[in-house]
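>>> task: produce atomic coordinates for the following.
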Amino acid sequence: MTESPLRSDFNHFHPILTRPQDNDVNGHIAGATVHGFFETAIQAFLVEQAELDLRDGALAGLVISSAADFYALPAFPDVLEVGLGVTRLAGSTVEYRLALFRPGETQACAAGSLVQVFIERSSGQPAVLPEAMQATLAGLRPNL
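Sure, this is the predicted structure:
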């Protein structure tokens with residue numbers, strides 16, 4: 001397990017409101033739900049900042065890899081924030097660094113990575129990201 005990332009490592013945050021059904025049988029947020037929080041933060045950023053049309057756009061982003069480490073156990077009714085960063089941007093591939101924080105806390109309760117490959121929706125073939133999208137994503141380089 002790696003060290004818990006710090007809030008100062010990130011320059012973009014996405015709020016997450018937990019729900020009762022996010023807790024697992026042990027009373028903590030389920031690991032699969034944390035992965036969902038990470039993907040939600042990415043998709044929201046792409047829609048809001050990079051103007052990606054998730055339903056009908058020419059590009060579609062596919063998750064090909066994801067991993068997470070847990071340092072503390074958040075649970076409903078925690079309000080959380082996902083720190084979002086980009087560690088690699090190459091052609092059709094984006095690798096994200098993510099961390100889950102309780103508001104005001106400096107250390108993450110969970111952290112992970114996610115790799116997304118963008119394809120042309122019509123052909124299913126990998127597609128180089130448009131320059132504007134690359135520039136937007138480059139703005140997410142971590143403050144390391």
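>>> now stretch 111-128: how far from the chain's centre is it?
Computed by C-alpha atoms, centre = their mean, to the nearest Å, the chain-centroid distance of stretch 111-128 equals 14 Å.
>>> any idea how far apart the tips of that stretch sit?
Across its full length, stretch 111-128 reaches 27 Å end to end, with C-alpha to C-alpha, to the nearest Å as the criterion.
>>> can you list contacts of it?
Identification of contacts with stretch 111-128 by C-beta atoms under 8 Å, 6 or more residues apart in numbering yields 2, 4-5, 34-35, 38-39, 42, 57-69, 71, 87, 91-100, 129. Quick note: C-beta positions are derived from backbone N, CA and C, even for glycine.
>>> drop anything exposed from the residues you listed.
4-5, 34-35, 38-39, 42, 59-61, 66, 68, 71, 92, 94, 96-100, 129 (16 or more other C-beta atoms under 10 Å).
>>> just to confirm, which helix or strand has the spatially most central residue of the chain in it?
Of all residues in the chain, the one closest to the mean position by C-alpha atoms, centre = their mean is residue 38, 3.6 Å from it. For residue 38, the enclosing helix or strand under DSSP states H and E is helix 31-49.
>>> what does residue 11 give?
Applying DSSP H and E as the criterion places residue 11 outside every helix and strand.
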